[in-house]
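J.: What would the 3D arrangement of this be:
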Amino acid sequence: MADLTIIILTKNEEQNLKKCVESFRCVAKRVVIIDSFSVDCTVDLAKELGIEVYKHEFESHATQFNWAIENINLDTEWVAKVDADEEFTEELTTEIECKLDKLPDSVKGVILRRRVYFMGRWIKHGGKYPELLLRIFRVGYGMSEMKMMDEHLIITDGDVIQFEHDFIDNNKKNLEWWINKHNWYSNKEVLDQQMKTNTENLIKGNSAAVQVKLKRFIKEHGYYNLPMFFRAHIYFIYRYYLRFGFLDGTEGKIYTFLQAYWYRYLVDAKIFECEKQGVVMNKQGTLETSTIEVVNSKTVETLIDTTNMQNMIQKKSLGGG
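T.: From the prediction side, this is the model:
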């Protein structure tokens, strides 16, 4: 068993939690969930599984995870972030058990490879595999970057290595939930665009960081410079045809259409609506409690100032200016 704490952020995850925990409980010394006041059986199930439960009001995924590492009294050498709809493969648990505690002191973070399943099918094409994500770090050397959307873990010092085996994103909830989730994500992405959160200087130059930075550079300096709405067409063609998304069958076709076309078009529609009405997207809560309300444009400067202050605090904590 590795000297590892796994943190899971939850809100109404009774359908996913058991398979998630059972995939790695043999390799982690400690498993903790940070629950955003679930109204299903998530907390009861967690207690049955012997998991520690903390409750904290949800603000954002980044804030929730950073609150966790500051407040759960981490007493292991390593900590990992795992979503409730994710699970470790047997090969990955073996690799973690064999390698993690033997890594040299200079190594502060570990990148894992993620494979995504949709409607039960592994999405191998369309640019979805493998996704390289920093998910394990030494306690005291990592945090979540403060972004409203598409936040990643970052390392404040030291080297990062990559493990060979995969973990799996395989949500068991239905398509209606997936669509509702991405409607919520679209609100967060619009707000992120309006606030122009920038934490690129905090992401170190490892392989996962290169992948993240490249995607964000193309998104910000390529995709978002294309004409609104038209760019969703181009992105779908790129993912489905040029990156061979069509090889993933009917499930892949549905996934790529919804994720690469419908979702991106929805984001543009909401940006258009906000610009037309002169408003800013409201700060988002949890999926179940979020609305598509917007706030008056007079609050834009306050929102941006708050984000800039968060970035300054992060820079100072990393020894920056």
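J.: so where is this structure shaky, pLDDT-wise?
T.: Residue ranges of the chain with pLDDT under 70: 197-213, 284-285, 288-321.
J.: longest single helix anywhere in it?
T.: Criterion DSSP state H: the longest helix present in the chain is helix 175-195.
J.: For it, could you pull out the residues that count as buried?
T.: In terms of neighbour count (16 or more other Cβ atoms under 10 Å), helix 175-195 has its buried residues at 178, 182, 184-195. For glycine as for every other residue, the C-beta is placed from the backbone atoms N, C-alpha and C.
J.: Tell me the gap between it and the middle of its chain.
T.: Centre-to-centre, helix 175-195 and its host chain are 13 Å apart (Cα atoms, centre = their mean, to the nearest Å).
J.: just the helices in the protein please.
T.: Counting by DSSP H, the helices of the chain are 17-22, 42-48, 61-71, 90-99, 175-195, 207-221, 230-237, 249-256, 263-277, 300-317.
J.: As JSON lines, the ones you listed with distance to Asp169 would be great.
T.: Shown next, in JSON lines, are these (distance: least, Cβ to Cβ, whole Å):
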{"stretch": "helix 17-22", "distance to Asp169": "10"}
{"stretch": "helix 42-48", "distance to Asp169": "18"}
{"stretch": "helix 61-71", "distance to Asp169": "14"}
{"stretch": "helix 90-99", "distance to Asp169": "13"}
{"stretch": "helix 175-195", "distance to Asp169": "12"}
{"stretch": "helix 207-221", "distance to Asp169": "15"}
{"stretch": "helix 230-237", "distance to Asp169": "20"}
{"stretch": "helix 249-256", "distance to Asp169": "12"}
{"stretch": "helix 263-277", "distance to Asp169": "16"}
{"stretch": "helix 300-317", "distance to Asp169": "27"}
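J.: Relative to Gly142, which of these is closest?
T.: Closest approach to Gly142 among the helices of the chain is made by helix 61-71 (7.8 Å; Cβ to Cβ).
J.: helices or strands up against that closest one?
T.: With contacts taken as 3 or more Cβ pairs under 8 Å, 6 or more residues apart in numbering; DSSP states H and E, helix 61-71 sits against strand 2-10, strand 28-35, strand 142-144.
J.: which other helices and strands contact the longest one?
T.: In this structure, strand 2-10 makes packing contacts with helix 17-22, strand 28-35, helix 61-71, strand 78-81, helix 90-99, judged by 3+ Cβ pairs under 8 Å, 6+ apart.
J.: try 7 Å
T.: strand 28-35, helix 61-71, strand 78-81 (3 or more Cβ pairs under 7 Å, 6 or more residues apart in numbering; DSSP states H and E).
J.: got TSV for those, with mean neighbour count and distance to Ala46 too?
T.: Shown next, in TSV, are the helices and strands packed on strand 2-10 (neighbours: other Cβ atoms under 10 Å; distance: least, Cβ to Cβ, whole Å):
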stretch	mean neighbour count	distance to Ala46
strand 28-35	21	5
helix 61-71	18	14
strand 78-81	25	17
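J.: Of these, which is nearest Tyr117?
T.: strand 78-81 (19.3 Å).
J.: contacts for that closest one?
T.: Outside strand 78-81, the residues that touch it by Cβ atoms under 7 Å, 6 or more residues apart in numbering are 2-7, 65, 69, 100, 135-139, 153.
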